[in-house]
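Peer 1: Provided below for reference: sequence and predicted model.
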Amino acid sequence: MGAASAADSSVKHVQSIDRALDVLEALATEPDGLSLGALAARTGLSKSTAHRILAALAQRDWTAQREDGSYQLGLKLI
């Protein structure tokens, strides 16, 4: 195994991080926020998975729920 192959194999795919970043990237494109359903559709996640990710991100102020129920980037990202 060459040096490049060893480096490639040391990088592991972490699905939960990828999904959380997908959520943040989707919210970053919509300054007026996204509903849970729209966010789930845009990211390819189920609503329950999207909601769990949003809740985890909200605990750290990376996302926030607006008064109308939609979600937006939180204060840490603004």
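Peer 2: Right, received. Where do you want to start?

Peer 1: now do stretch 36-51: distance to the chain's middle.
Peer 2: Here stretch 36-51 is found 10 Å from its chain centre; the criterion is C-alpha atoms, centre = their mean, to the nearest Å.

Peer 1: check which residues of it are buried.
Peer 2: Under the neighbour-count criterion of 16 or more other C-beta atoms under 10 Å, stretch 36-51 has L36, L39, A40, R42, T43, L45, A50 buried. In short, each C-beta sits where N, CA and C put it, glycine included.

Peer 1: and the end-to-end length of it?
Peer 2: 7 Å (C-alpha to C-alpha, to the nearest Å).

Peer 1: counting neighbours, what do you get for L21?
Peer 2: L21: 13 surrounding residues under other C-beta atoms under 10 Å.

Peer 1: V23 now?
Peer 2: With other C-beta under 10 Å as criterion, V23 counts 26.

Peer 1: what score does it have for pLDDT?
Peer 2: Here the pLDDT value assigned to V23 is 98.
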